[in-house]
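J.: what follows is a predicted protein model with its sequence.
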Amino acid sequence: MHPMTPAPFRVRSRRPVRADTVSLTLEPVEGPCPPFLPGQFTMIYARGVGEIPISISGRTRAGGYLQTIRAVGAVSRALCHARRGDLVGVRGPYGTAWDVPAAAGMDVVVAAGGLGLAALRPVVRELVAHRSRYGRISLIVGTRAPMTLLYPRDLARWSHAGIDVQVTVDHPDHAWQGPVGLVTRLVDRIVFEPRRTAAFVCGPEAMMCAVADDLVRRGVPAARIVLSLERNMKCGVGRCGHCQLGPLLLCLDGPVVSYERAARLLAVKEL
Amino acid sequence: MDVVVLQSLEPLIEALTSSGYTVVGPRVEDGAIRMAEISSGADLPAGVGDVQKPGRYRLTSGDDGMVFGFAASPDSAKRYTQPPRQTLVRVRDEAIEEVEQEAPRVALLGLRACDLAAVAVQDRVFAGGRHPDPAYLRRREALFLVAVNCAVPGGTCFCVSMGTGPKAVAGFDLAITELASPHRFLVETGSERGGEIVALIPHHPATSVDIDAAEEVSRTAASRMGRQVDTDGIQEWLPAAHDSPRWADVASRCLSCTNCTMVCPTCFCSTVEDVTDLTGQVTERSERWDSCFTLDFSEVSGSHVRSSGLARYRQWLTHKFATWYDQFGTSGCVGCGRCITWCPTGIDVTEELACIR
Ligand SMILES: Cc1cc2nc3c(=O)[nH]c(=O)nc-3n(C[C@H](O)[C@H](O)[C@H](O)COP(=O)(O)OP(=O)(O)OC[C@H]3O[C@@H](n4cnc5c(N)ncnc54)[C@H](O)[C@@H]3O)c2cc1C
Ligand code: SF4
Ligand code: SF4
Ligand code: FES
């Protein structure tokens, strides 16, 4: 099969998760759904509109993909409007993954900004599934407003499973009693042994760099701070050239990249 | 490797045609030497030469009767390895059908050593990685490559610096060196199917005089390069020079017109487009050439990563000469000089690199 040919999938369910964001579950029309690793993405095709990279946020009981999509443009809007039973195309999974088992025996910091939690959800689920293998686990989440928080039920469940979950918002409402401001402020509120800590970070680029710099300052080695980078992607398979970040083709060499590798590249403006 | 001598190319063109190939070779069209279908040796540009300079291309005519007395054409093999537009899938009702891409049997006559190197680069991009493209491989398999060793390099050529020419050493089915007084063609066989074509046509074995004469052609060509680049350590020093003041200088001359990427035989970037027919029933999705010089190439998160022309020029040049190695294990530039000749403002990559260094 040609690497650009999408496999037919059907929208199995559609659930709005906040005003502009929808979680879809997608199942292949035929055959099994290929396995994925935390951090990998698929290219989802909306017929007649286009195809975009979307992280895989989980697996359904029937073996499909859970994917959370924010409507920001033509394709994401079309996918957010997809109805149960609609046909979409899916290619992948593609890209590098977060190596969660490698953090065994260490403290773990998971830092999510906005939609970044969609990509990190499989990381947290993996940590929760093997809770005893890890030291202290902290999940810090930054979101625009209390109403835009993703997966609140999951967060509550993870909190019960022994994870220190902390949320900060940019714009609090009347009921909000938690912290306000950037997610970097939460880095000071969590407990970890820097030299023995692994960090998984996803969110807007500026947020990731700020969190990573804070962690480095606290003594976490840059090689153990691993980000997920976002660039324009038209193919996902190393042939369209759009996802370049210096020497990296982020669809193949990323999106998951260590801060040790990424810091130097992200520091160059407009690379 | 068999080496033979032909008195004329007519029988070669006939043999290729009778073997089922459409022969595409150099032809004068629109004031340039284009790659177009040829039906006989008379279509070849006898006596035509070219003058190539930054931002300039002009044909000359003479009466030496040489049919390959010019350098790189604005066309390259890219049109055939990676056609400008390819339909990928057709979506109708509830089905996504893969469209069988054409793989025409074409004999490309007159590719230069740099062009062969460019095909090898494209092989790595489209077939050398984790997601090989079966349609590309079929197209490649259906191409018969007839190289011509350059006698007269263009004013913008620098294949010697890039280690790709001027003599074709691999990657061809047949390689021709055109020899003068008497006018004849030395033909080297580079593949089994190349040998099968030679077997179909009248020829005699090359003598040591012919072989020496051909070597002299390539030696002379190598000494007449229009330009040069010092590639020593370029994979390190070019990306490290991301804040060179020269980038702003070249950006002030670059129009972001995309010409350089369109004529470059290795530039492979593409985008994908959907077109739905008027009934709304059938959607065709196709891949077409794109260029890193366009603004929306790097669109992400409500903005553009490379919003300035400076960043786009820097991306292009750095990718071609340095980061291509990281991604594909080879230089992205083969030294053909096309981007220099066809840049409307005459930006010369060799000069820019010398200034940035
Ligand atoms: C590896 C990877 C994983 C991703 N995972 C997810 C995911 O799980 N969920 C998800 O919703 N998105 C995800 N994205 C981002 C998503 O791919 C883009 O939002 C999408 O490509 C936008 O396409 P569009 O056609 O809808 O918008 P376009 O028509 O391309 O753009 C429309 C407008 O939206 C802007 N825009 C484009 N992307 C974004 C963005 N990310 N944020 C804000 N504005 C944007 C554009 O600049 C433009 O102004 C991921 C991206 C990558 C590279
Ligand atoms: S960058 Fe210029 S000289 Fe190099 S291969 Fe491309 S067109 Fe030819
Ligand atoms: S370098 Fe020249 S050919 Fe290339 S985009 Fe700029 S102006 Fe156009
Ligand atoms: S998305 Fe096309 S090369 Fe990476």
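T.: All right, it came through fine. Treat the numbers as computed from the prediction; the structure is a model and nothing was measured. Ligands and ions are numbered 1, 2, ... in the order given.
J.: can you get me a residue count around residue B:97?
T.: 10 (other Cβ atoms under 10 Å in any protein chain shown). Where you see a C-beta, it was placed from the backbone N, CA and C, and this is true even at glycine.
J.: confirm it sits in a strand?
T.: Yes: counting by DSSP: H, G, I helix; E, B strand; the rest coil, residue B:97 is part of a strand.
J.: OK, contacts around it?
T.: Contact partners of residue B:97, counting by Cβ atoms under 8 Å, 6 or more residues apart in numbering or on different chains, are B:89-91.
J.: give me that answer again for 7 Å
T.: With contact set as Cβ atoms under 7 Å, 6 or more residues apart in numbering or on different chains, residue B:97 has these partners: B:89-90.
J.: in the helix or strand bottoming out on mean pLDDT in chain A, what's buried?
T.: Scoring the helices and strands of chain A by mean pLDDT, DSSP states H and E places helix A:184-187 at the bottom, with a mean of 92. Neighbour counts over helix A:184-187 (16 or more other Cβ atoms under 10 Å in any protein chain shown) mark A:184, A:186-187 as buried.
J.: repeat for stretch B:194-213
T.: Result for stretch B:194-213 [16+ other Cβ under 10 Å]: buried residues B:194, B:197-198, B:201, B:203, B:206, B:210, B:213.
J.: likewise stretch A:218-237?
T.: Buried residues in stretch A:218-237 (16+ other Cβ under 10 Å): A:220-222, A:224-237.
J.: what's the span of that stretch, first residue to last?
T.: Using Cα to Cα, to the nearest Å, the end-to-end distance of stretch A:218-237 comes out at 37 Å.
J.: and the buried residues of stretch B:194-213, which two are furthest apart?
T.: B:197 and B:213 (22.8 Å; Cβ to Cβ).
J.: now the residue of chain A found nearest ligand 2, nearest residue through space, not along the chain?
T.: Closest to ligand 2 within chain A is residue A:241: 13.8 Å, counting by Cβ to the nearest ligand atom. Spatial nearest neighbour of residue A:241, excluding adjacent residues (Cβ to Cβ, 6 or more residues apart in numbering or on different chains): residue B:269 at 3.4 Å.
J.: ok now the helix or strand containing residue B:177, how far from the chain's centre?
T.: Applying DSSP states H and E as the criterion places residue B:177 in strand B:174-179. Distance of strand B:174-179 from its chain centroid, counting by Cα atoms, centre = their mean, to the nearest Å, is 18 Å.
J.: which residues sit against it?
T.: Applying Cβ under 7 Å, 6+ apart, the set of residues contacting strand B:174-179 is B:66-68, B:146-149, B:151, B:168, B:185-190, B:194, B:197, B:210, B:213-214, B:217.
J.: give me the mean pLDDT for it.
T.: Averaging pLDDT along strand B:174-179 yields 98.
J.: gap between residue B:109 and residue B:31?
T.: 21 Å (Cβ to Cβ, to the nearest Å).
J.: sorry, back to before: the buried residues of stretch A:218-237: which ones sit near ligand 4?
T.: By Cβ under 6 Å from any ligand atom, the members of these lying near ligand 4 are A:233-236.
J.: and residue B:127, how many neighbours?
T.: 14.
J.: on that earlier part again, quick one, which of residue B:109 and residue B:31 is more surrounded?
T.: Using other Cβ under 10 Å, the more surrounded residue of residue B:109 and residue B:31 is residue B:109, with 25 against 9.
J.: which SS state does the more buried one fall under?
T.: Strictly by three-state DSSP, residue B:109 counts as strand.
J.: same question for residue B:316.
T.: Classified using three-state DSSP, residue B:316 is helix.
J.: that one: what's it in contact with?
T.: Contacts of residue B:316 by Cβ under 7 Å, 6+ apart are B:261, B:292-293.
J.: again, but for residue B:298
T.: Residue B:298 is in contact with A:232, B:304-306, counting by Cβ under 7 Å, 6+ apart.
J.: how about 8 Å then?
T.: Here residue B:298 is in contact with A:231-232, A:242, B:292, B:304-306 (Cβ under 8 Å, 6+ apart).
J.: which one of those is nearest ligand 3?
T.: residue B:292 (9.3 Å).
J.: okay if I get the buried residues of helix A:184-187 as JSON lines plus distance to ligand 1?
T.: Shown next, in JSON lines, are the buried residues of helix A:184-187 (distance: Cβ to the nearest ligand atom, whole Å):
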{"residue": "A:184", "distance to ligand 1": "20"}
{"residue": "A:186", "distance to ligand 1": "22"}
{"residue": "A:187", "distance to ligand 1": "23"}
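J.: which strands and helices sit next to the helix or strand hosting residue B:194?
T.: Element membership of residue B:194 [criterion: DSSP H and E] is helix B:192-199. Identification of packing neighbours for helix B:192-199 by 3 or more Cβ pairs under 8 Å, 6 or more residues apart in numbering or on different chains; DSSP states H and E yields helix B:10-18, strand B:143-148, strand B:174-179, strand B:184-189.
J.: save those as CSV, and put in distance to ligand 2 too.
T.: Below are the helices and strands packed on helix B:192-199 laid out as CSV (distance: least, Cβ to the nearest ligand atom, whole Å):
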stretch, distance to ligand 2
helix B:10-18, 27
strand B:143-148, 16
strand B:174-179, 20
strand B:184-189, 24
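J.: my read is residue B:319 is in a helix, agree?
T.: Yes: secondary structure of residue B:319 (three-state DSSP): part of a helix.
J.: need the strands for the stretch 1-150 of chain B, in chain order.
T.: In the stretch 1-150 of chain B, the strands defined using DSSP state E, counting those that start in this stretch lie at B:3-6, B:22-29, B:32-37, B:48-53, B:56-61, B:85-92, B:95-98, B:106-111, B:143-148.
J.: any chance of CSV for those, columns distance to ligand 1 and mean pLDDT?
T.: Supplementary listing: these in CSV, determined by distance: least, Cβ to the nearest ligand atom, whole Å; pLDDT from 0 to 100:
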stretch, distance to ligand 1, mean pLDDT
strand B:3-6, 53, 96
strand B:22-29, 38, 97
strand B:32-37, 35, 96
strand B:48-53, 39, 95
strand B:56-61, 37, 95
strand B:85-92, 17, 96
strand B:95-98, 19, 94
strand B:106-111, 36, 98
strand B:143-148, 35, 98
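J.: sorry, back to before: look up phi and psi at the residue nearest to residue A:241.
T.: When read as degrees, to the nearest 10, the backbone of residue B:269 gives phi -60, psi 140.
J.: next one, pLDDT for it please.
T.: 98.
J.: that one contacts residue B:293, doesn't it?
T.: No: the criterion here is Cβ atoms under 8 Å, and residue B:269 misses it with residue B:293 at 9.8 Å.
J.: need the phi and psi values for residue B:8.
T.: Reported as degrees, to the nearest 10, the phi and psi values for residue B:8 are phi -150, psi 160.
J.: tell me the contacts of it?
T.: By Cβ under 8 Å, 6+ apart, the neighbours of residue B:8 are B:41, B:185.
J.: what pLDDT does it get?
T.: Listed pLDDT for residue B:8 reads 95.
J.: now it: how far from residue A:155?
T.: 80 Å.
J.: residue B:115 now?
T.: Taking Cβ to Cβ, one finds residue B:115 at 58 Å from residue A:155.
J.: state the distance from the closest residue in space to residue B:173 that isn't next to it in sequence to chain A.
T.: Once flanking residues are discounted, residue B:173 sits nearest to residue B:194: 3.6 Å by Cβ to Cβ, 6+ apart. Distance, residue B:194 to chain A, using Cβ to the nearest Cβ, to the nearest Å: 29 Å.
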